[in-house]
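A.B. asks: Quick one: sequence and predicted model below, then my questions.
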Amino acid sequence: MARSNPGTNGGNAELRRLAEAADRMEITELLHRYAYAVDNGEFDLFGEVFTEDATVDFGSVDQYVEGASVVTGLPAIRAWFAKALEPFPGVLHFMTNHRIVLDGDEARTETLMQVLHMSMGGVYRGDAVRTPAGWRFARFRLEERSFDEAAGRLIAHMTAVESGTPSAARPNLDPSARKAKGTDDGSPGGPAPAAGATAAPSDPLSRTARAEAILDRVFTPAWREHGGGVPVATPAGHDFARLAVEHCYADAWARGGRFDVETRSLFTLVALATLGCTDELKLHIRGALNLGHSPDDIAELFVQILPYVGTPRMVQAMRLAGEVFRERLA
């Protein structure tokens, strides 16, 4: 049977729908061109992204760059990105969850952004216009956000639940009760063992993984390039490193509860400075800086414990801190 032709109104509605779909696809491609140009340093492509008189507003990250953070005009935009990203070759980020609101020859966009090699991201907001050459951004703005705090809370919560201890984020959640629930399929959430049976030990890999997740946060993944903390490359040496790392970082640092990782870092500096553990103290001063503590935070901490630990030991601690601070400035 032949298909009937749609009425005039129905046909116009269908054409409008297809036209809007085409506009959305073109604007999405516009966002992709922007990301490609930024990640590859091909700023000449901005002519296919922005209008000649466009304004770019990166005021939310102005503390990280030199000069004005709001620039207008295509040449100024190219120059700003070239200068801002010069110290950071190989930057890589993705853009997703595009929200596009069409209004004739204008559109508003909202796009989530995440830098892949650090927990920094935010929201791109754009005002796009239809030009003879296609859609272009007349205004583009970044609202920068950092996810360290949120990630730390989530890691602490998951670590607490996995270890069977109460979570500060969900104090009413009983991990032991949840583990006791289950099915008959023998999965980790299966029925509890029969009376007299020996419970299976917890998966050692999960404990190692928890410890390594903390190490990645404190010392960055670069710690893996230095032997993974294995001082002696023998079976017993590997066991020693694993036991030491798990005891420190899975049992203490990753246990969740009242103190977050940043606070535990300061506790560790107090203990190592008091004991006079020079190598470990320098290592954890670097870790404290990685976690966001400033040099003055660390110096102030040492001022506080000076009367209790003693001047010679704290002079040594402050000298080691100075060496680490100078390393960061080199």
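C.D. replies: All right, it came through fine. All figures in this text were calculated on a predicted structure; none of them were measured in a lab. Numbering: from 1, shown residues only.
A.B. asks: after the longest helix seen in the chain, next one along is what?
C.D. replies: In the chain, with assignment by DSSP state H, the single longest helix is helix 8-40. Using DSSP states H and E, the helix or strand that follows helix 8-40 in sequence is strand 50-57.
A.B. asks: Within the sheet, what are the partner strands of that next one, with directions?
C.D. replies: strand 70-72 (antiparallel), strand 134-146 (parallel) (DSSP bridges).
A.B. asks: Among those, show me which one is buried the most.
C.D. replies: Burial of the strands paired with strand 50-57 is given as mean neighbour count (mean count of other Cβ atoms under 10 Å); strand 134-146 ranks first at a mean of 18. From N, CA and C alone the C-beta is placed, and that goes for glycine too.
A.B. asks: So what touches that strand?
C.D. replies: By Cβ atoms under 8 Å, 6 or more residues apart in numbering, the list of residues contacting strand 134-146 from outside reads 23, 26-27, 30, 34, 48-51, 53-61, 107, 113, 119-129.
A.B. asks: I'd like the average pLDDT over that strand.
C.D. replies: Average pLDDT, strand 134-146: 92.
A.B. asks: now that strand and helix 8-40, what's the angle there?
C.D. replies: Orientation check (axes from the mean of the first three to the mean of the last three Cα atoms, to 10 degrees): strand 134-146 against helix 8-40 gives 60 degrees.
A.B. asks: Just the C-alphas of strand 134-146, formatted as CSV.
C.D. replies: What follows is strand 134-146, C-alpha atoms only, in CSV (Å, rounded to 0.1, in the frame of the first residue of the first chain):
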residue,chain,number,x,y,z
GLY,A,134,28.3,28.2,9.6
TRP,A,135,27.9,28.3,13.3
ARG,A,136,30.5,30.2,15.3
PHE,A,137,30.9,31.2,19.0
ALA,A,138,30.5,34.9,19.7
ARG,A,139,31.2,34.4,23.4
PHE,A,140,32.8,31.4,25.2
ARG,A,141,33.3,31.1,28.9
LEU,A,142,34.9,28.5,31.3
GLU,A,143,33.6,28.0,34.8
GLU,A,144,36.5,26.0,36.3
ARG,A,145,35.9,23.4,39.0
SER,A,146,38.2,21.1,41.0
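A.B. asks: My reading is that residue 95 is in a strand; is that accurate?
C.D. replies: Yes - assessed with DSSP: H, G, I helix; E, B strand; the rest coil, residue 95 lies in a strand.
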